[in-house]
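# this one's structure only:
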């Protein structure tokens, strides 16, 4: 669950700078046409975890709930990643079980339950304020990783033996991990789950970007969404509480250009990309239908990296977040 219920807390920071940590939040929506830009504000959290010697940690938020708590990971120079919770104005490093030295949190639900991954070896984790729990692996596997958690405490992700495979979608509940049986393979991953825990989405195939098909599982019944936009691959990233799915899919057989999509009631919509950009990806959707993601220009680079812009879709219109937020204080 990634803060789906309202439009006030939509997504953790798409932009990050140290020592200040920046959170972009969607202001309460006013009656407006689709062409009206969303309104955002920047909240600067200036006191990150202390690395000693006057150094401040590098922090990456990953998941945000409707209570304003967020989780993610932090690291100090020369150190590994550590699991992190921000709550009531304070950063809290989460203690890992004995034998695990690094970790990251992926999501926090409305009740403050957290999921993520710790290593070595890689294991999905669950934390509800008490002792952190190792969720284990599916029979025969060596690794697991968690992607999302429902308000009921169900966790989804994948389990695998990285040496021989396959990678398999799982759902964990009440101390037991079970495989999600799917019609296509050999690999799969469950990427998101609804608040009530009854709707799960993900991908199945070779990898998300090669020979994959999106799926949705509702009340235990799996629907194969195919490659979604009629290209060679498609993968689901998130689902809201209305069963609307977003993700990305290839639109060309030759160039395999990935484009963000929205799927609802059997209909798929290509969400397009910003002008001048080739690729787009949708990462999440809330119950108001506001979608966040990114656009990438595969031919332009910035500081020797592909040029990405964070984007938001609202009412079918795409907006560049760089143009919607004020200057960083």
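Okay, I see it. These numbers come from a predicted model, not from an experiment.
# show me the contacts for the spatially closest residue to residue 279 that is not a sequence neighbour.
Leaving out its chain neighbours, the residue that sits closest to residue 279 by C-beta to C-beta, 6 or more residues apart in numbering is residue 296, at 4.3 Å. The C-beta positions use only the backbone N, C-alpha and C, and glycine is treated the same way. Neighbouring residues of residue 296 by C-beta atoms under 8 Å, 6 or more residues apart in numbering: 277-281, 306-309.
# Quick one: the strands in the stretch 201-329 of the chain, in order.
For the stretch 201-329 of the chain, the strands defined by DSSP state E, counting those that start in this stretch occupy 213-218, 221-226, 234-239, 245-250, 258-264, 267-272, 279-285, 291-302, 305-314, 317-320.
# partners of the third one in the sheet?
In the sheet containing strand 234-239, the strands it pairs with under DSSP bridges are strand 245-250 (antiparallel).
# Tell me the spacing between the spatially closest residue to residue 120 that is not a sequence neighbour and residue 130.
Among residues not flanking residue 120 along the chain, residue 101 sits closest, at 7.0 Å (C-beta to C-beta, 6+ apart). The spacing between residue 101 and residue 130, counted by C-beta to C-beta, to the nearest Å, is 21 Å.
# Which of these two has more residues huddled nearby?
More crowded of residue 101 and residue 130, by other C-beta atoms under 10 Å: residue 101, with 11 against 6.
# any idea how far residue 138 is from the closest residue in space to residue 160 that isn't next to it in sequence?
Counting by C-beta to C-beta, 6+ apart, residue 167 is the residue found nearest to residue 160 once chain neighbours are left out, at 3.9 Å. Noted for residue 167: a distance of 10 Å to residue 138, by C-beta to C-beta.
# what's the overlap in contacts for those two?
With C-beta under 8 Å, 6+ apart, residue 167 and residue 138 have common neighbours residue 159.
# more neighbours, these two?
Set side by side, residue 167 and residue 138 show more neighbours around residue 167, with 21 against 17, by other C-beta under 10 Å.
# can you give me phi and psi for that one?
phi -90, psi 130 (degrees, to the nearest 10).
# contacting residues around it?
Residue 167 touches 158-160, 187-189, counting by C-beta under 8 Å, 6+ apart.
# which one of those has the most neighbours?
Ranking those using other C-beta under 10 Å puts residue 159 first, with 28 neighbours.
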